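Student: need coordinates for the following:
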Amino acid sequence: MAGHIEGRLAYLKAKLSITEAQEPLWKSYAPPRATMKTPCLRV
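Tutor: Predicted coordinates for the structure are as follows:
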């Protein structure tokens with residue numbers, strides 16, 4: 001399941017076109033989401 005979540009986060013990052021300037025914010029968002037037991041959003 002962890003691989004699925006990591007893949008989903010990678011997909012979202014690509015779709016959102018996270019820039020180098022936004023990377024620190026993304027890194028503070030993505031790791032906590034990967035460890036959550038329930039999703040926080042649906043896309």
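
Student: all contacts plus neighbour counts: C-alpha atoms, from now on.
Tutor: Fine.

Student: give me the below-cutoff pLDDT ranges for the chain.
Tutor: Residue ranges of the chain with pLDDT under 70: 1-2, 33-43.

Student: at 90 instead, please
Tutor: Low-confidence segments of the chain, defined by pLDDT under 90: 1-10, 26-43.

Student: now the helices for it?
Tutor: 2-16, 23-34 (DSSP state H).

Student: which other helices and strands contact the first one?
Tutor: For helix 2-16, the elements it packs on are helix 23-34, judged by 3 or more CA pairs under 8 Å, 6 or more residues apart in numbering; DSSP states H and E.

Student: just the last one next, same as before
Tutor: The criterion is 3+ CA pairs under 8 Å, 6+ apart, and the helices and strands that helix 23-34 contacts are helix 2-16.

Student: quick one: buried residues of the helix it packs on?
Tutor: Neighbour counts over helix 2-16 (16 or more other CA atoms under 10 Å) mark Ile5, Glu6, Leu9 as buried.

Student: and if you look at stretch 22-30?
Tutor: Along stretch 22-30, the positions that meet the burial threshold by neighbour count (16+ other CA under 10 Å) are Ala30.

Student: export only the CA atoms of it, formatted as PDB.
Tutor: Coordinates of each C-alpha in stretch 22-30 appear next as PDB, following Å, rounded to 0.1, in the frame of the first residue of the first chain:
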ATOM      1  CA  GLN A  22       7.600  25.200  -4.200                       C
ATOM      2  CA  GLU A  23       9.600  22.100  -3.400                       C
ATOM      3  CA  PRO A  24      10.100  22.800   0.300                       C
ATOM      4  CA  LEU A  25       6.400  23.200   0.800                       C
ATOM      5  CA  TRP A  26       5.700  20.000  -1.100                       C
ATOM      6  CA  LYS A  27       8.200  18.100   1.000                       C
ATOM      7  CA  SER A  28       6.500  19.300   4.200                       C
ATOM      8  CA  TYR A  29       3.100  18.100   2.800                       C
ATOM      9  CA  ALA A  30       3.900  14.900   1.000                       C
END
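
Student: list the contacts of that stretch.
Tutor: Leu9, Lys13, Ile18 (CA atoms under 8 Å, 6 or more residues apart in numbering).

Student: apart from its chain neighbours, what residue comes closest to the first one?
Tutor: Spelled out, it's Leu9. Of all residues not flanking Leu9 in the chain, Ala30 sits nearest, at 6.7 Å (CA to CA, 6 or more residues apart in numbering).
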